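1. generate a structure from the sequence data that follows.
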Amino acid sequence: MHFGPFSSADLESLPDSGWTLLFQDMDKHLPEVAALFREFEGMPRWRIDDIMISFAVDKGSVGPHTDEYDVFLIQAEGKRRWQINADPHADNSLVAGLDMKILQYFEPTEEWLLEPGDVLYLPPGVAHWGVAEGECITWSVGFRAPSATELFTHWADEKLHSIDSVRYSDPDLQLQSHAGEIQPQAVEKLRTMLLSALEQETDDFAEWFGRYITEPKENLQPLPHEPFAGMREGFAGGSRLNRHPASDILFTQEQGRLYLFCGGHSYRLPERCLPFAILLSGRDSWTADELHEWLDDEAAGAVLRDLHEQGYVCLA
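-> Numbers count the residues shown, from 1 in each chain. As a prediction, this is how the structure comes out:
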């Protein structure tokens, strides 16, 4: 396995068969690719991750593997033969020493030959192996499926400093027969102390998650813009406000609180701005007329200016 960027000489030196080239996050670079997301309208936007494009020559493949998320495999050009093993008890041992998690053992239970226009949906954890028959291009629409470990690690790192520093105490301690024993009542008291500390910080969980899920990948961070005096003036000449391809705009409502999220930031908005949050999170581009009533709104206008200065939206 080799990582790009690659030169023309690198590609020209490749053999006639047995290799594949993967292009990650192509929806962030080509609007024509991102347009495919329109076919997934109705799905929560926070669940959709990216579109990867795979170009393969004859017999090209990455090998048998599993993904920990939902994926739609769309055959764009040529043919690719897909085999799956849906046995939940299959041996998922990995080949040691590789940069990719390739299965050491793979016994297919079903197979299909995908041609242009065919789509194969794979649930998380289903082992699969796709091999090109001649040159082919496959588009892979991947969905976000954060693990409990990822969520807890990020959330705990952020909240650790604000949890009350409560220490264990046992004023009702009784003498015990075996000094080396950790008694059940002590274990239960420690567990209750820990869970109580965690529960102190759950009121803003939705606000934290919105920031977490909209954080752009490190290599796709937008560049900030120079601030300008007025947002309305920026629309001169028929310009549109466009969402940066690598920035997600989402919102949530919880316990009477309205938050808008973008680029790992959260914006608390008054309830009157709910139509604004719906408009901004449901589109990729907006005209001055569509944003007219919000450009002069104190709260919404401040959000638009900040999103522009951060580079998450741009005028063009």
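2. show me which residues of the longest helix along the chain are buried.
-> Counting by DSSP state H, the longest helix found in the chain is helix 184-199. Using 16 or more other CB atoms under 10 Å as the test for burial, helix 184-199 gives no buried residues. The C-beta positions use only the backbone N, C-alpha and C, and glycine is treated the same way.
3. mean confidence for that helix?
-> Averaging pLDDT along helix 184-199 yields 86.
4. I would like the residues contacting that helix, please.
-> The contact list for helix 184-199, computed with CB atoms under 8 Å, 6 or more residues apart in numbering, reads Ile163, Asp164, Val166, Tyr168, Asp170.
5. can you pull out the helices in this structure?
-> Counting by DSSP H, the helices of the chain are 8-12, 31-34, 148-159, 184-199, 205-213, 274-282, 292-295, 298-310.
6. now do Glu68 against Glu188, distance only.
-> From Glu68 across to Glu188, the span is 34 Å (CB to CB, to the nearest Å).
7. check Ile74 too.
-> Counting by CB to CB, the gap from Ile74 to Glu188 is 52 Å.
8. show me where this structure has its strands.
-> Ranges of strands in the chain, per DSSP state E, are 20-23, 48-56, 71-85, 110-114, 119-122, 127-143, 241-243, 249-254, 257-262, 265-269, 285-286, 313-315.
9. follow-up on the earlier one: as TSV, the helices of the chain with distance to Trp82 would be great.
-> Listed next are the helices of the chain as TSV, based on distance: least, CB to CB, whole Å:
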stretch	distance to Trp82
helix 8-12	25
helix 31-34	21
helix 148-159	28
helix 184-199	43
helix 205-213	30
helix 274-282	34
helix 292-295	47
helix 298-310	41
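10. who wins for proximity to Leu223 among those helices?
-> The closest of the helices of the chain to Leu223 is helix 298-310. By CB to CB, the value is 9.4 Å.
11. please save the CA atoms from the closest one in PDB.
-> What follows is helix 298-310 as a C-alpha-only set of coordinates in PDB (Å, rounded to 0.1, in the frame of the first residue of the first chain):
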ATOM      1  CA  GLU A 298     -28.700  40.400  15.100                       C
ATOM      2  CA  ALA A 299     -28.300  36.700  16.000                       C
ATOM      3  CA  ALA A 300     -28.500  35.200  12.500                       C
ATOM      4  CA  GLY A 301     -26.300  38.000  11.000                       C
ATOM      5  CA  ALA A 302     -23.600  37.400  13.500                       C
ATOM      6  CA  VAL A 303     -23.600  33.700  12.700                       C
ATOM      7  CA  LEU A 304     -23.300  34.400   9.000                       C
ATOM      8  CA  ARG A 305     -20.500  36.800   9.400                       C
ATOM      9  CA  ASP A 306     -18.500  34.400  11.600                       C
ATOM     10  CA  LEU A 307     -19.100  31.400   9.300                       C
ATOM     11  CA  HIS A 308     -17.700  33.600   6.400                       C
ATOM     12  CA  GLU A 309     -14.700  34.800   8.400                       C
ATOM     13  CA  GLN A 310     -13.900  31.200   9.400                       C
END
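12. avg pLDDT for it?
-> 95.
13. if we can go back for a sec, may I see the strands of the chain arranged in CSV, with mean pLDDT and distance to Gln176 as well?
-> CSV is the format used below for the strands of the chain (pLDDT from 0 to 100; distance: least, CB to CB, whole Å):
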stretch, mean pLDDT, distance to Gln176
strand 20-23, 97, 61
strand 48-56, 96, 53
strand 71-85, 98, 53
strand 110-114, 97, 60
strand 119-122, 97, 55
strand 127-143, 97, 52
strand 241-243, 95, 63
strand 249-254, 94, 46
strand 257-262, 97, 48
strand 265-269, 97, 49
strand 285-286, 95, 69
strand 313-315, 93, 64
